[in-house]
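Chemist: coords please:
(one chain, ligands or ions: 2)
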Amino acid sequence: MRFPTQKEPKIVYGGDYNPEQWEESTWEEDMRLLKLAGVDILTLNVFSWASLQKNDEVYDFSRLDRIMELVKKHGFFVCLATSTGAHPAWMARKYPDILRTDFEGRKRKFGSRHNSCPNSPTYRKYSVLLAGKLAERYKTYDNITAWHISNEYGGACYCENCEKAFRVWLKKKYKTIEEVNRVWDTAFWGHTFYDFDEIVVPNLLSEHYSENGTAFQGISLDYARFNSDSILECYKLEYDAIKKYTKEIPITTNLMGFYKPLDYQKWARSMDFVSWDSYPYAGEDPAQIAMKHDLMRGLKDGQSFALMEQTPSVTNWQTYNAIKRPNVMRLQSYQAVAHGADTVMFFQMKRSIGSCEKFHGAIIDHVGHEHTRVFQECKRLGQELFQLGGETLSAVTKSKVAIIFDWDNWWAVEYSTGPCNQLRYYDEVFLYYKALHEQNISVDFVSVESDLSNYSLVVAPLLYMVKEGFDQKLKEFVKNGGTLVVSFFSGIVDEHDLVTIGGYPGKLKELLGIWVEEIDGLISGDENSFEFLGKQYPAKLLCDIMHTIQAKAISFYQKDFYKNTPVITKNSYEKGSAYYIGTRSNPAFYHAFFENLCRELDISPTALTSDHVEAVRRVKGDKEFLFLLNHSKQEERFFIQFKTYNENIGKEAVNMLTKEKMPIETTITLAPNDVLIVKINS
Ligand code: GLA
Ligand code: ZN
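Modeler: Ligands and ions are numbered 1, 2, ... in the order given. Sure thing, here's the model as predicted:
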């Protein structure tokens, strides 16, 4: 985000504001309340397409003009949305091609939102026109800090337009039908195609028998890629239309964390900055929330991101919608900032009176005044953000550990029929992440395209798909002294989901120094076990039965016919080492494994704290910002030395919210859900 007219930079604070849902006579009071809450940015125009465009030719911006003038007069920044997340009803009636066809093959009617076919000529034409008109009209507003294209893009379409576009996409990618036959392995079950026009979309009417269950992984995988690309194309077309008028205003769209249908790593290349919507459920593991922030930060190589939405108090769409307990909203806001956010924004400013979000939390509740717990908490945070100022803006996170995450791998691993259909990429990644996170070890999420050379440890859970050249990159990393940890069911296929023959783990065999001969999918409740550093741990879900070639076995299975065969191995490879963990174990195992490995590799925690206190650091020049976040319901007390990232004792420590100096070594007491932000000068 840019902050063009901000005299004193700070974390911007605010979010979605929909005055079009209200009588104009209420707007001035909203302005008063929002200012009182310390809000300085409003996301406007998220769902106004129908009111802005009445038919093919007639547009009416008069109300938006008044809103823009109002918020400008009151000194608010604007994050201006293009409104293309929900098309008008008249458009759907007149141009039914804009309506999606769902996974079951049903043509949708008008309704809901996020419902436009990404390959609809009508959608593309009119969404781009609208984005361009908005940019042209409001280009002189110097309080626009960012453009917000559409809203939470997602889903998929299986209509005839998409089918035709899919064939074009395939032709561009594979050139010949013979190549399509090869990469999809169509000789299996007599699927040979002679013409691109014989290819139909893979859904419940064709190859699929469930969402993940498909007879042909190749076509389903390519359709997932195609769908993500098609939606991205819509975003890019709007992006170009806006840039014609406002080159210097950055453009984003709000992402959703680990959202499977869209390859965000690819999307991020077309975004000026990443923004995302964080909606933890009540009681969600803080490690899981942290992991999503870290994924989002990784999308643009560690650049700070915007927290575009969170609820100040409650959602309406979860099964159970517990309100955020006192101080939890503040805690989660600072957690986002700690992990790389430069904004704290909400959905939304004011509760609507009708439709499905009338029970969704907002700064201004139905009661309409400021005397509510939620308003007061928002106001307190608003004041604090003024005190905090802009020092943390653009500060970076430094991590010695990276986790590889790859969308193609996600799709492929879950489309795979067998060896275990319960395998979930996210769950495996989380087991590894959590073990590091609970030891306050900072982790970056990287893609297979990222530079790995600055990391000491790279973790690749469930690296089922090894794309062209990625094995070489991993080898280089280990050769040069890096440590790699790979899990079971890795190195199996190439980017087309075709098995690499010659023994698992395929292209990683030499680097890992093992050969996996068989994969045992244990039935639910069944377990094997192994010992690691004197303790016993379970082996679940999948057990790779393997032979060491150059690797050294560290742990062995204890049961069944493969008793005493290796389950964890270590291969020394030139200056580095590559570990293989041949099964799924429990959190205690991953904790012990990484505790031991990080000690060996001299990877130290961000800070030593008590168990429920998360420590996260951002760095900017010679200043370091240490966030200590108490996620427990109890008061936490612990002794701390304020060290720098390089493990030197800091020269000076300051409590950033009170501006008070702190001793370099001290005992800290943190109330439940409380936060301490310490600036350490190195
Ligand atoms: C999403 C949307 C918002 C709103 C919230 C409710 O994040 O972007 O428009 O619906 O969910 O939680
Ligand atoms: Zn479609």
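
Chemist: what's around Lys175, how many residues?
Modeler: Lys175 has 10 neighbours, counted by other C-beta atoms under 10 Å. C-betas here are computed from N, CA, C, even on glycine.

Chemist: Okay, it and Val200: tell me how far apart.
Modeler: 20 Å (C-beta to C-beta, to the nearest Å).

Chemist: Also Ile664?
Modeler: From Ile664 to Val200 the distance is 67 Å (C-beta to C-beta).

Chemist: Also Phe110?
Modeler: Separation of Phe110 from Val200 (C-beta to C-beta) stands at 26 Å.

Chemist: Pick out the residue of the stretch 201-350 of the chain closest to ligand 2.
Modeler: Ser230 (7.9 Å; C-beta to the ion).

Chemist: What residues does the stretch 301-450 of the chain have near ligand 2?
Modeler: Taking C-beta under 5 Å from the ion as the criterion, ligand 2 has no neighbours within the stretch 301-450 of the chain.

Chemist: Name the residues of the stretch 301-450 of the chain found near ligand 1, please.
Modeler: Glu309, Thr315, Phe347, Glu357, His360 (C-beta under 6 Å from any ligand atom).

Chemist: Surely Glu449 forms part of a helix?
Modeler: No: under DSSP: H, G, I helix; E, B strand; the rest coil, Glu449 sits outside any helix and is assigned coil.

Chemist: So it versus ligand 2, what's the distance?
Modeler: Glu449 sits 29 Å away from ligand 2, taking C-beta to the ion, to the nearest Å as the criterion.

Chemist: now swap in Gly418 and tell me
Modeler: In this view, Gly418 and ligand 2 are 31 Å apart by C-beta to the ion.

Chemist: and what of Tyr194?
Modeler: Separation of Tyr194 from ligand 2 (C-beta to the ion): 25 Å.

Chemist: Excluding chain neighbours, what is closest to that residue?
Modeler: Nearest residue to Tyr194, sequence neighbours excluded (C-beta to C-beta, 6 or more residues apart in numbering): Ile177, at 6.5 Å.

Chemist: Quick one: the strands in the stretch 451-600 of the chain, in order.
Modeler: Using DSSP state E, counting those that start in this stretch, the strands of the stretch 451-600 of the chain run over residues 457-460, 483-487, 514-521, 528-532, 535-548, 552-556, 566-573, 576-581, 583-584.

Chemist: would CSV of those strands with mean pLDDT, mean neighbour count and distance to Phe61 be doable?
Modeler: Formatted as CSV, these follow (pLDDT from 0 to 100; neighbours: other C-beta atoms under 10 Å; distance: least, C-beta to C-beta, whole Å):
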stretch, mean pLDDT, mean neighbour count, distance to Phe61
strand 457-460, 99, 25, 50
strand 483-487, 99, 25, 54
strand 514-521, 98, 18, 59
strand 528-532, 98, 18, 65
strand 535-548, 98, 20, 56
strand 552-556, 98, 17, 66
strand 566-573, 98, 22, 62
strand 576-581, 99, 24, 58
strand 583-584, 98, 26, 56
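
Chemist: of those strands, which approaches ligand 2 most closely?
Modeler: Counting by C-beta to the ion, ligand 2 lies closest to strand 457-460 out of the strands of the stretch 451-600 of the chain; the figure is 34.6 Å.
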